[in-house]
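Colleague: structure for the following, please:
(chains A and B)
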Amino acid sequence: MPSLKSLDSKKIEQVFAKYISTRKILIADEAASSRTGLARTLVDMGAKSNLVTLASSLAIAEQEMARVQPHVVLCDFDLGRGAGLNLLQSQRKNRPETKESLFILVTANTSQSAVAQAAEEDVDCYIIKPYTIEVMRRLIMEAAIAKLQPDEYSRLIEEGKNHLASKKTEEALKLFEKASGLSQKPSLACFYAGQANIQKNALDNAEGSYTKGLVHNKIHYKCMVGLFELMMQKKMHTEAYAIVKRISQYFPANPQRLASVLRLAIITRSYDDIEGYYQAFTGLDHRNDEIVRYICAALVVCGKYYLSTGSQSRALSLFQKAAVTGTGRTKILREAITTLLEFQLVQEASTYLGRFPPDTQSGVDYLASEYMIANQRSTPGMVIEKGRKLIKQGAHDPTIYKILIHRSRQAGLAEAAESLIRDALERFPENGNDFIKVPPPGA
Amino acid sequence: MSLINPADFSPRKVDISLSNPATRTAIRHGSRLFDGREIAPATIDLLELHETGFVLEIPTKTCASGQIISLEIQVADPNAATIGMKATAKVTLCETASTERDTVTLSFIQYDLQAWSGLREGFTRRQEEIMDFLRTARGL
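Modeller: Presented below is the predicted three-dimensional model:
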């Protein structure tokens, strides 16, 4: 089949018109003018108006995706607070054969973070508003023709992918090898060769394939991610961290990746990087619960490290950020308080008590935190009395037990301490020796 | 080593102000004004670029076909200099987009050719950068 490059513009228009005339199309954009303008352009290019569906919101678009199962989707990146890409997942579910479908973003969002996300999700085209009609027509046609009439390199890769899906690994590898010879920068073929080697459990060969792909193209997303996942599989955390840092440099805005980056930063003790990641986090348009938890935890761990190295003001700044970012998250506040008490910073710890929202102040995290601070400030008798009261109230928390047991033993109340130990072991068997031997935080 | 460039998160900002003497209406910086008084929030979306004009989506009842309006356009790119220009344009087409918005096609009567070319080139350049990045990242 002739490739895109060999077709003249008139031929491209004809091929495209034939293609689009039978395709169901969904245009999803909150702006009415955009919807009608795009629809008009596509109809001018050969689409049938009765096959074009318009959606003015994410909710309507999702309903229409399920009902119509469109071949072609034009969507704003910022549909429903940046969730336009969610429609791509729906389209892939409805039409897993990607040759049949096109997903095109048409958006005023020209930020690198949006573009990078689009690249990660493998969208077919990204058209910015304001556009000229000529540019839009050209880009849409190019995207379609590239799928309808792929060049030999793309065709061999698709064939290889089919073999991979059928677990015909050796046949797949041969095709990827053949494809590699057809391109000056065959990173995609290298990636799939890597996938084939993973399928064979030839992990070193897979690493070689991905690395080769990155030599050809240092920002090839799939090769970078493939290599990262391989390093994680091999538990080579330092190498994995270096790769994920590079991915984040070019593809900055993926919240899931930020979680991986933070975990690896902690594992590899790359604490100095964490503040940079916090900045990236503050730049994210959308932050889910998971990423908030990760960033807060990372800030507290990092703060603890800085306390241990004597950088108190830097540590306190990070605890502050964790407390602000994790507003209402009692576990984060408790962790900050626990860490500060470990380093005898009682006054600083007590300021964090005030950050617990009122409706959480009857919960164990607040009560345990308050008790830990009281343990530093009050007389042993008052600590014992308070602890007994908390237990009687039903505040059964390992830390409360540990402090009360420790203070009871200190006060010579051996029987009471033994009774508490039995009660604690029954409630928290996994904490075992903690109740018997180790003094509680700040003691 | 800087891992993240905060400017990368910022899209280009397009700020368009217009004023229509015929309806005594202006839209500036997110507000609709009547006789200079702010009366409601309002936004202008820039949709299409033509060689000597463009298409906007604006609040309804701002202008009508044949009317002459004054415009001020600023495009702020975090990675480049801001481009601004003033112009007058004729409304060649005004269509209802929805109950609250109209699609308006404008043709310049008076404008700064160099500034307009620079503005269009800026968008074209960004489009090409984006497609280059997409192709490179996907390895196509």
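
Colleague: is stretch A:265-274 in proximity to chain B?
Modeller: Yes - for stretch A:265-274 and chain B, the contact criterion (Cβ under 8 Å from any Cβ of the partner chain) is met by A:Asp273. Using the backbone N, CA and C atoms, a C-beta is placed for each residue, glycine as well.

Colleague: report pLDDT for B:Pro6.
Modeller: Per-residue confidence at B:Pro6 stands at 45 (pLDDT).

Colleague: can you count the residues close to the residue in the stretch 251-400 of chain A positioned nearest to chain B?
Modeller: Proximity of the stretch 251-400 of chain A to chain B (Cβ to the nearest Cβ) peaks at A:Gly283, 4.3 Å away. For A:Gly283, the count of nearby residues is 17 (other Cβ atoms under 10 Å in any protein chain shown).

Colleague: please apply the same query to A:Ala114.
Modeller: The burial count for A:Ala114: 25, using other Cβ under 10 Å.

Colleague: so what does it look like in phi/psi?
Modeller: When read as degrees, to the nearest 10, the backbone of A:Ala114 gives phi -70, psi -40.

Colleague: not counting sequence-adjacent ones, nearest residue to it?
Modeller: Excluding the flanking residues, the one nearest A:Ala114 by Cβ to Cβ, 6 or more residues apart in numbering or on different chains is A:Phe77, at 5.1 Å.

Colleague: ok, that neighbour - contacts?
Modeller: Counting by Cβ atoms under 8 Å, 6 or more residues apart in numbering or on different chains, A:Phe77 touches A:84-85, A:105, A:107, A:109, A:114, A:118.

Colleague: for A:Glu159, same thing?
Modeller: By Cβ under 8 Å, 6+ apart, the neighbours of A:Glu159 are A:Leu175.

Colleague: gap between the strand or helix carrying it and the chain center?
Modeller: Per DSSP states H and E: A:Glu159 is located in helix A:152-165. Relative to its parent chain, helix A:152-165 has a centroid offset of 29 Å by Cα atoms, centre = their mean, to the nearest Å.

Colleague: tell me the first helix or strand C-terminal of it.
Modeller: Next element after helix A:152-165 (DSSP H and E): helix A:169-180.

Colleague: TSV for the contacts of A:Phe77, including pLDDT?
Modeller: Putting the contacts of A:Phe77 into TSV (pLDDT from 0 to 100) gives the following:
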residue	pLDDT
A:Gly84	88
A:Leu85	87
A:Leu105	96
A:Thr107	93
A:Asn109	88
A:Ala114	85
A:Ala118	90
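
Colleague: looking at those, spot the one nearest A:Ala298.
Modeller: Nearest to A:Ala298 out of these is A:Ala114 (Cβ to Cβ; 24.8 Å).

Colleague: do I have it right that the closest one meets A:Thr107?
Modeller: Yes - counting by Cβ atoms under 8 Å, A:Ala114 touches A:Thr107, with 7.1 Å between them.

Colleague: show me the helices in the stretch 251-400 of chain A, by range?
Modeller: Here the stretch 251-400 of chain A has its helices, by DSSP state H, counting those that start in this stretch, at A:255-267, A:274-282, A:289-308, A:312-325, A:330-342, A:346-353, A:364-377, A:380-393, A:398-410.

Colleague: make CSV out of those and add mean neighbour count.
Modeller: Output for the helices of the stretch 251-400 of chain A, formatted as CSV (neighbours: other Cβ atoms under 10 Å in any protein chain shown):
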stretch, mean neighbour count
helix A:255-267, 20
helix A:274-282, 19
helix A:289-308, 21
helix A:312-325, 19
helix A:330-342, 23
helix A:346-353, 18
helix A:364-377, 21
helix A:380-393, 16
helix A:398-410, 23
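
Colleague: reformat these as CSV; add distance to B:Leu113 and mean pLDDT.
Modeller: Output for those, formatted as CSV (distance: least, Cβ to Cβ, whole Å; pLDDT from 0 to 100):
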stretch, distance to B:Leu113, mean pLDDT
helix A:255-267, 44, 84
helix A:274-282, 41, 85
helix A:289-308, 47, 90
helix A:312-325, 49, 93
helix A:330-342, 57, 93
helix A:346-353, 61, 93
helix A:364-377, 65, 95
helix A:380-393, 77, 95
helix A:398-410, 73, 93
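
Colleague: now do the contacts for A:Ile20.
Modeller: By Cβ under 8 Å, 6+ apart, the residues touching A:Ile20 are A:42, A:45-47, A:72, A:144.

Colleague: cutoff 7 Å now
Modeller: Under the criterion of Cβ atoms under 7 Å, 6 or more residues apart in numbering or on different chains, the contact partners of A:Ile20 comprise A:42, A:45-47.

Colleague: inside helices: which ones of these?
Modeller: A:Leu42 (DSSP state H).

Colleague: filter the contacts of A:Ile20 down to the ones in strands?
Modeller: Among the contacts of A:Ile20, none falls in strands (DSSP state E).

Colleague: just the buried ones from the contacts of A:Ile20?
Modeller: Neighbour-count burial (16 or more other Cβ atoms under 10 Å in any protein chain shown) is assigned, among the contacts of A:Ile20, to A:42, A:45-47.

Colleague: quick check, nearest of the residues you listed to A:Arg23?
Modeller: Closest to A:Arg23, out of all of those and judged by Cβ to Cβ, is A:Ala47, at 7.0 Å.

Colleague: which non-adjacent residue is nearest the closest one?
Modeller: Using Cβ to Cβ, 6+ apart and skipping residues adjacent in sequence, the residue nearest A:Ala47 is A:Ile20, 4.6 Å away.

Colleague: phi, psi for the one you found please.
Modeller: According to degrees, to the nearest 10, A:Ile20 has phi -70, psi -20.

Colleague: now do it against A:Leu353, distance only.
Modeller: 64 Å (Cβ to Cβ, to the nearest Å).

Colleague: please apply the same query to A:Ala32.
Modeller: Distance of A:Ala32 to A:Leu353, given as Cβ to Cβ: 52 Å.

Colleague: related to what we said a few turns ago, on the three-state scheme, the residue nearest to A:Ala114 is what?
Modeller: For A:Phe77, the assignment made with DSSP: H, G, I helix; E, B strand; the rest coil gives coil.

Colleague: how far out from the middle of the chain is stretch A:135-144?
Modeller: Relative to the chain's own centre, stretch A:135-144 is displaced by 31 Å; criterion: Cα atoms, centre = their mean.

Colleague: how about stretch A:385-392?
Modeller: Stretch A:385-392 sits 42 Å away from the centroid of its parent chain (Cα atoms, centre = their mean).

Colleague: what helix or strand is residue 33 on?
Modeller: Answering for chain A, as no chain was given. Going by DSSP H and E, A:Ser33 is in helix A:32-44.

Colleague: wait, I meant chain B there
Modeller: Using DSSP H and E, B:Leu33 maps to strand B:31-34.

Colleague: partner strands of the helix or strand that that strand is followed by, parallel or antiparallel?
Modeller: Using DSSP H and E, the helix or strand that follows strand B:31-34 in sequence is strand B:37-41. Sheet pairing of strand B:37-41 (DSSP bridges) gives strand B:31-34 (antiparallel).

Colleague: how about the contacts made by the residue positioned nearest the centre of chain B?
Modeller: Taking Cα atoms, centre = their mean, the centroid of chain B lies closest to B:Leu46, which sits 3.9 Å from it. Counting by Cβ under 7 Å, 6+ apart, B:Leu46 makes contact with A:129-130, B:14, B:16, B:54, B:56.

Colleague: chain center to the host helix or strand of it, what's the gap?
Modeller: Applying DSSP H and E as the criterion places B:Leu46 in strand B:45-50. Computed by Cα atoms, centre = their mean, the chain-centroid distance of strand B:45-50 equals 6 Å.

Colleague: then it to PDB, C-alphas only?
Modeller: The C-alpha trace of strand B:45-50 is given here as PDB (Å, rounded to 0.1, in the frame of the first residue of the first chain):
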ATOM      1  CA  ASP B  45     -12.900  32.400  23.700                       C
ATOM      2  CA  LEU B  46     -10.700  32.600  20.700                       C
ATOM      3  CA  LEU B  47     -11.600  29.700  18.400                       C
ATOM      4  CA  GLU B  48     -10.200  30.100  14.900                       C
ATOM      5  CA  LEU B  49      -7.600  32.200  13.200                       C
ATOM      6  CA  HIS B  50      -8.000  33.600   9.700                       C
END
